[in-house]
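Chemist: Fold the following and give me the result.
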Amino acid sequence: MEALLKARRLSKIFGPGCSLCNESTGPDFDTNVCPHCHSVVACNAVDFDLYPGEVLGIVGESGSGKSTLIKLAHFEWSATDGEMTLHRSGLPAALAELLADKADQYTCNLFGLSQFQQRQVRNALMGIVYQNPLLGLRMNVSSGGNIAERLLGAGWRHIGKMCDRASELLEKTEIPISRMDEPPKNFSGGMQQRVQIAKALSNNPLLLLLDEVTTGLDLSVQARVLDLIRSLQREFQLSMLVVSHDLGVINLLCNRTMVMKHGRVVESGLTDQILQDPQHGYTQLLVASQL
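Modeler: Predicted coordinates for the structure are as follows:
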């Protein structure tokens, strides 16, 4: 089976950067700040493959670079180096035609696209759920309106069909249809996350990005949100990148896991193997701290 998404040598440096950044930072130096130019090496030479229907977890402490990867994958930040390719079998016909001059027979380098083309890819193929609902929702716009906005970006134009789609997704994410016209600011944190999930799924994405989606929620609400995500992933056969510092979330959702520290991947493999028999000292410490 071909990977849906591949990242190679993915790197992001904040600051001017210098020739010594990569060799002066990382787990061995216990920092991601270059002592020579004071740039922050948020991630360095990260490789990963994500297969259709697979859930890949990215775990690590704050500042490890895991959220940076999500923002690079979602084109919110531009990469300093590396490439990210999408297998062409995942492209809708209209999008494949739009990107024809940017793709070879099998793959399309997403970082080689213009900003307009990246927006087209994001609107057609991706959904994202943020830790902070303020980043993913317009709090003063109705829940249905939030979903309709996403559908407009994906090319929908029929108002009745957009309303039907919003109703369908809110029902799937356990938001009462009677509250479809209410703004998310009236909802609890857990309900806001479920509206975010409905919005992220509205364009039938191939790839769903989750960035610390349960942080700050009560434990009982966390459990409901995670159960919902797991059931929707199975129903729609979504490929997912899941960022979390919580190994319980990773264990519940993810087939494979990457462990990051100071911008580098220190260990990767099947989630069961990572959690039950960690090999790297940092992974061992991470697992022991959450037992």
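Chemist: ranges for the strands of the stretch 151-291 of the chain?
Modeler: 207-211, 239-244, 256-261, 264-270 (DSSP state E, counting those that start in this stretch).
Chemist: Reformat those as CSV; add distance to Cys108, mean neighbour count and mean pLDDT.
Modeler: Every residue, glycine included, has its C-beta placed from N, CA and C. Formatted as CSV, the strands of the stretch 151-291 of the chain follow (distance: least, CB to CB, whole Å; neighbours: other CB atoms under 10 Å; pLDDT from 0 to 100):
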stretch, distance to Cys108, mean neighbour count, mean pLDDT
strand 207-211, 13, 23, 96
strand 239-244, 16, 25, 96
strand 256-261, 23, 24, 97
strand 264-270, 24, 19, 97
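Chemist: Now render the ones you listed as CSV, adding distance to Gln284.
Modeler: CSV is the format used below for the strands of the stretch 151-291 of the chain (distance: least, CB to CB, whole Å):
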stretch, distance to Gln284
strand 207-211, 25
strand 239-244, 18
strand 256-261, 10
strand 264-270, 9
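Chemist: In contact with Gly216, which residues?
Modeler: Counting by CB atoms under 8 Å, 6 or more residues apart in numbering, Gly216 touches Gln131, Gly189.
Chemist: Quick check on it: phi, psi?
Modeler: Dihedral pair for Gly216: phi 90, psi -10, per degrees, to the nearest 10.
Chemist: shaky segments in the stretch 1-150 of the chain?
Modeler: Across the stretch 1-150 of the chain, residues meeting the criterion (pLDDT under 70) sit at 88-106.
Chemist: can you give me the helices in it?
Modeler: Using DSSP state H, counting those that start in this stretch, the helices of the stretch 1-150 of the chain run over 66-73, 93-98, 115-125, 133-136, 143-153.
Chemist: who does the first one touch, helix- and strand-wise?
Modeler: Think helix 66-73. Taking 3 or more CB pairs under 8 Å, 6 or more residues apart in numbering; DSSP states H and E as contact, the helices and strands that helix 66-73 lies on are strand 5-14, strand 40-50, strand 55-59, strand 207-211, strand 239-244.
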